[in-house]
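In: Okay, sequence plus prediction incoming.
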There are 2 protein chains.
Amino acid sequence: MFKIPKHQVAGHQAIDGNLGPLVDDSGRFYKPLQDDERGTTELAFYQSFSSKLPHHIRRFFPVFYGTQLVEASDGSGLRSHLVLQDITSNHLNPSILDVKIGSRTWYPEASEDYIQKALEGDRLTTTVTLGFRISGLQIYESKESGYWKPTRKEVKSFSADDVRLVLRKFVSSNLEPEPDCCFASTIYGGCSGILEQLLELKAWFEDQTVYHFHSCSLLLLIDKESVLHGRTVPFVEVKLIDFAHTVEAEGVIDHNFLGGLCSFIKFVSEVLTDSKASTIEASFN
Amino acid sequence: MFKIPKHQVAGHQAIDGNLGPLVDDSGRFYKPLQDDERGTTELAFYQSFSSKLPHHIRRFFPVFYGTQLVEASDGSGLRSHLVLQDITSNHLNPSILDVKIGSRTWYPEASEDYIQKALEGDRLTTTVTLGFRISGLQIYESKESGYWKPTRKEVKSFSADDVRLVLRKFVSSNLEPEPDCCFASTIYGGCSGILEQLLELKAWFEDQTVYHFHSCSLLLLIDKESVLHGRTVPFVEVKLIDFAHTVEAEGVIDHNFLGGLCSFIKFVSEVLTDSKASTIEASFN
């Protein structure tokens, strides 16, 4: 039984008869392969990445189960889909952040048309200024308030300050009037928190000359409620997704991704530092 | 007595009646202030940087002695010049590499005209692909052969492999037929070598949110012959120069410079690793 994903925050969506990804009940995510070069590139990536990446880095990528012919969501009939791990399965109320990393989503090998369109998007969003842009998000607040999920248009117009606010809300229990950042130390901090995972990725990017990940997203998924269900720390997952524009590195590190990742790390670490400072302040009052 | 610098490898040059920098015998370098915003920006940078930078980072910048009215080299009369430390003074035969860091030399605050021109230059050189480009160089070989100093046109058309070759020649005593890389371990390696200095800069760039250094160059100056004159290791200097497009960082790290710097570090470290490997190989033969 294929269903439309409940927790998709960015990318093409399988609603209103459009072509988009599907999920099933067994925890698998079916991503339709695009007919053009993007489909070929993404499939080639998934078919080869696990043999090319060091073992400790593979956990940052979704598990790949091969391809499968599936009825496309747009009613166009059978179509080849990538079968991937559905990262959101087993989570009732996941908060998700999709962050497109890099100050440039275009690359020299792309068509001039793609380059101009991508460049325009990069200049209109925080991509050029911050080295990354938020592509989509949903933040679970509570049973009563549900999710905070800004529209695509709102997300596209995020400023640097909006990004800072989102990163604070992401680890808060109460988002308004001021995000309380009460999960900052356990979700961003800690030895298996987001910051540590990002630093592990960074160390790899300083050295790896296997891939250049253009227009690739960092997906942060957290389950703040998992603490209530017997876990001592909230569930935290960091994954890279979207490889339709991933090319071979030809002996050069992915300086575009690395620079953007370092900028994002700085933003995350500032939320952590600020929340520590306010905790200390509060304990003195 | 003002003279045309003997060892300038990039930028405007004071020859054939053009406007360019001058030097004197006391070790000072006079850079004409441009009339437009570039001049204002560069002067503002030099007037404020020393109070804004941590102490251990200041050594990567030329000493600034203020401004002085000097007869311009193009015969246009008195003009305000930045008075800077002449890094090449006291060196008879310095080898110099000017590396423009960043995969983007344009920036959102610049004029559309500047952006389009800079973008074109970035795409035609290794700036986009490698995250840096060599802007100029001279490599001293020997009394007999003198310097290897490719023309501007040649430098502009450098490929990734040309860059690798330059970085090998830079630390060689014999450049042809194969660079011997005999100075790699002392110039790139060692606790005060180029790699260590670049890593120190990198650590600062991962954190600093003071400046964004667009179109700024890393100047590497070495004096291979200094070993012959009583020094135990060759003279090595790493400096940042050219701040006509340096803007305030507004709370964001300079991910563009940092990414390019990390890419350059990888290139340098590969020469070092390869030269170590061949030394070990040689000692087994």
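Out: Now that the structure is in, tell me what you want to look at.
In: which phi and psi does residue A:83 have?
Out: phi -100, psi 110 (degrees, to the nearest 10).
In: Test of understanding: give the bridge partners of it.
Out: residue A:30 (DSSP bridges).
In: what's the average pLDDT for the top helix by length along chain A?
Out: Longest helix in chain A by number of residues (criterion: DSSP state H): helix A:255-284. Helix A:255-284 carries an average pLDDT of 90.
In: And for stretch A:111-127?
Out: For stretch A:111-127, mean pLDDT rounds to 97.
In: before we move on, back to that, relative orientation of the longest helix of chain A and helix B:255-284 in degrees?
Out: 110 degrees (axes from the mean of the first three to the mean of the last three C-alpha atoms, to 10 degrees).
In: Now do the residue lying closest to residue A:61 once chain neighbours are set aside against chain B, distance only.
Out: Spatial nearest neighbour of residue A:61, chain neighbours left out: residue A:240 (5.7 Å); criterion: C-beta to C-beta, 6 or more residues apart in numbering or on different chains. Backbone N, C-alpha and C define where each C-beta goes, glycine included. Relative to chain B, residue A:240 is positioned 17 Å away (C-beta to the nearest C-beta, to the nearest Å).
In: To which secondary structure element type does residue A:240 belong?
Out: strand (DSSP: H, G, I helix; E, B strand; the rest coil).
In: sorry, back to before: show the secondary-structure elements that the longest helix of chain A is packed against.
Out: Packing partners of helix A:255-284 (3 or more C-beta pairs under 8 Å, 6 or more residues apart in numbering or on different chains; DSSP states H and E): strand A:95-101, helix A:127-130, strand A:132-142, helix A:160-169, helix A:184-187, helix A:194-205, strand A:211-213, helix B:255-284.
In: And the residue of the stretch 51-200 of chain A closest to chain B?
Out: residue A:131 (3.6 Å; C-beta to the nearest C-beta).
In: how deep is that residue tucked in, by neighbour count?
Out: 29 (other C-beta atoms under 10 Å in any protein chain shown).
In: Residue A:64 too?
Out: Residues lying near residue A:64 (other C-beta under 10 Å) number 16.
In: Quick check: it touching residue A:83?
Out: Yes: counting by C-beta atoms under 8 Å, residue A:64 touches residue A:83, with 7.4 Å between them.
In: one step back: give the contact list for the residue of the stretch 51-200 of chain A closest to chain B.
Out: A:101-103, A:259-264, B:252, B:255-256, B:259 (C-beta atoms under 8 Å, 6 or more residues apart in numbering or on different chains).
In: circling back: do you know the pLDDT at the residue nearest to residue A:61?
Out: 98.
In: Quickly list what it is bridged to.
Out: residue A:218.
In: what does residue A:246 give?
Out: Going by DSSP bridges, residue A:246 forms beta bridges with residue A:213.
In: which residues does it contact?
Out: Counting by C-beta under 8 Å, 6+ apart, residue A:246 touches A:41, A:42, A:45, A:211, A:212, A:213, A:214, A:216.
In: Okay, buried residues for stretch A:11-22 please.
Out: Of the residues in stretch A:11-22, A:13, A:14, A:20, A:21, A:22 count as buried by neighbour count, 16 or more other C-beta atoms under 10 Å in any protein chain shown.
In: Farthest-apart pair in the residues you listed, please.
Out: A:13 and A:22 (10.7 Å; C-beta to C-beta).
In: anything in contact with each of the two?
Out: residue A:4.
In: Near chain B, which residues of chain A are found?
Out: A:103-104, A:108, A:123, A:128-131, A:160, A:206-207, A:209, A:250-253, A:255-256, A:258-260, A:262-263, A:266 (C-beta under 8 Å from any C-beta of the partner chain).
In: Give the buried subset of those residues as a PyMOL selection command.
Out: Burial among the residues of chain A next to chain B is assessed by 16+ other C-beta under 10 Å; the matching PyMOL selection reads:
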select buried, chain A and resi 103+104+128+129+130+131+206+252+253+255+256+258+259+260+262+263+266
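In: dump the residue contacts of residue A:135.
Out: A:9, A:10, A:11, A:98, A:99, A:100, A:155, A:217.
In: Are we agreed that the third one is in a helix?
Out: Spelled out, that is residue A:11. No: assessed with three-state DSSP, residue A:11 is coil; it does not lie in a helix.
In: hmm, back to that, what's around the residue nearest to residue A:61, how many residues?
Out: 20.
In: just checking, it touches residue A:216?
Out: Yes: the pair residue A:240 and residue A:216 passes the contact test of C-beta under 8 Å, sitting 5.8 Å apart.
In: who touches residue A:9 in this structure?
Out: A:96, A:97, A:98, A:135, A:136, A:137, A:138, A:149.
In: The contacts of residue A:246: which two are farthest apart?
Out: Maximum distance among the contacts of residue A:246 (C-beta to C-beta): 14.3 Å, for A:42 and A:212.
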